[in-house]
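Trainee: What follows is a predicted structure for the sequence shown.
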Amino acid sequence: MIKFYHVYKAYDNRKQFALKDITVSIPKGEFVFLTGPSGAGKTTFLRLIFRELKPTEGKVVVHNKDTMHISKSDLPDFRKKIGVVFQDFKLLENRTVFENITFVLKVLGYPARFREDKAYSVLKWVGLQHKFNEYPKSLSGGEQQRIAIARALVNDPLILLADEPTGNLDYELSIEIMKLFERINNRGTTVVIATHDKNMIDMFKKRVIRLEHGHLKE
Ligand SMILES: Nc1ncnc2c1ncn2[C@@H]1O[C@H](COP(=O)(O)OP(=O)(O)OP(=O)(O)O)[C@@H](O)[C@H]1O
């Protein structure tokens, strides 16, 4: 499902590689923690999966597609099947929960009725259907993260990527969010979570991919 073959990534303005000779395979339906110290290359690894970045050398294959060869016109379809969740939620403050969740569906031209049904169903999934018309600032941190997860689920992604999703949450809320990822994984979605959070890694006993200075130490 996700395959890295001898992947190297250097940012244009840097001589050093952020990732070096990464070969790894993440099968469909797996739950993986991606860990390692700050600057190890975790975010870079995730960005390569949803083709926000291209490898400098080597090959990244996602859904049987070499990400090097996805045309600009095919990119929206490719990304539709990948949900992404960030540490700082990235919710639009001046939009309601419903509008935040369905923003992409609107851009893609889906009708209002469809968007409402979809938003309701993903909100139910994260237990926040009663927040449909609220604005992000009236929600707690944990609720905002659940809304961000609902938004990532709106296109029924095959893969869910999360970059430090519990970085801004306390211990109890972190567990709640991880359990939600586990439920999402149980319905067949591949889940890749970049995290420093050793407590969560120890508690949830999943496969761990460890990066150090851009190298893979699994
Ligand atoms: N846009 C960029 N331009 C130049 N260098 C970058 C860029 N993004 C990341 N880097 C560099 O690439 C390396 C890996 O960064 P990356 O953000 O992938 O690490 P990380 O493991 O996610 O770190 P953190 O846990 O602090 O978020 C670092 O040396 C970083 O400085």
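Mentor: Structure received.
Trainee: those strands in this structure, which residues are they?
Mentor: 2-10, 17-26, 31-35, 57-62, 65-66, 82-86, 159-163, 190-194, 207-212, 215-216 (DSSP state E).
Trainee: Would you point out which residue is most central in this structure?
Mentor: Centroid-nearest residue in the chain: Leu161, 2.0 Å away (criterion: C-alpha atoms, centre = their mean).
Trainee: So what's the residue count around Gly109?
Mentor: Neighbour count of Gly109, defined by other C-beta atoms under 10 Å: 6. The C-beta positions use only the backbone N, C-alpha and C, and glycine is treated the same way.
Trainee: Let me see the contact set for it.
Mentor: When the contact criterion is C-beta atoms under 8 Å, 6 or more residues apart in numbering, Gly109 has no partners at all.
Trainee: residues of the helix ranked longest in the chain that come out buried?
Mentor: Longest helix in the chain by number of residues (criterion: DSSP state H): helix 171-186. Across helix 171-186, burial judged by 16 or more other C-beta atoms under 10 Å covers 173-175, 177-178, 180-181, 184-185.
Trainee: try stretch 66-80
Mentor: Quick answer for stretch 66-80 (16+ other C-beta under 10 Å): 67, 70, 78-80.
Trainee: Check stretch 135-147 too.
Mentor: Buried-residue list, stretch 135-147, by 16+ other C-beta under 10 Å: 135-136, 139, 142-147.
Trainee: Inside helices: which ones of the residues you listed?
Mentor: 142-147.
Trainee: May I have the predicted confidence score for the residue of the chain positioned farthest from its centre?
Mentor: Going by C-alpha atoms, centre = their mean, the residue of the chain most distant from its centre is Lys15, 27.7 Å out. Predicted confidence (pLDDT) for Lys15: 80.
Trainee: now swap in Asp74 and tell me
Mentor: The confidence metric pLDDT takes the value 94 at Asp74.
Trainee: measure it to the ligand for me?
Mentor: Applying C-beta to the nearest ligand atom, to the nearest Å, the value for Asp74 to the ligand is 24 Å.
Trainee: Would you mind listing what in the protein touches the ligand?
Mentor: By C-beta under 6 Å from any ligand atom, the residues of the chain that approach the ligand are 11, 13-14, 18, 36, 38-44.
Trainee: Would you mind measuring from Lys205 to the ligand?
Mentor: Counting by C-beta to the nearest ligand atom - Lys205 and the ligand are separated by 22 Å.
Trainee: can you count the residues close to that residue?
Mentor: 9.
Trainee: low pLDDT regions in the chain?
Mentor: Nowhere does the chain drop to pLDDT under 70.
Trainee: quick revisit: could you export the buried residues of helix 171-186 to TSV, including columns for distance to Ser25?
Mentor: Output for the buried residues of helix 171-186, formatted as TSV (distance: C-beta to C-beta, whole Å):
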residue	distance to Ser25
Leu173	32
Ser174	28
Ile175	29
Ile177	26
Met178	23
Leu180	26
Phe181	20
Ile184	21
Asn185	17
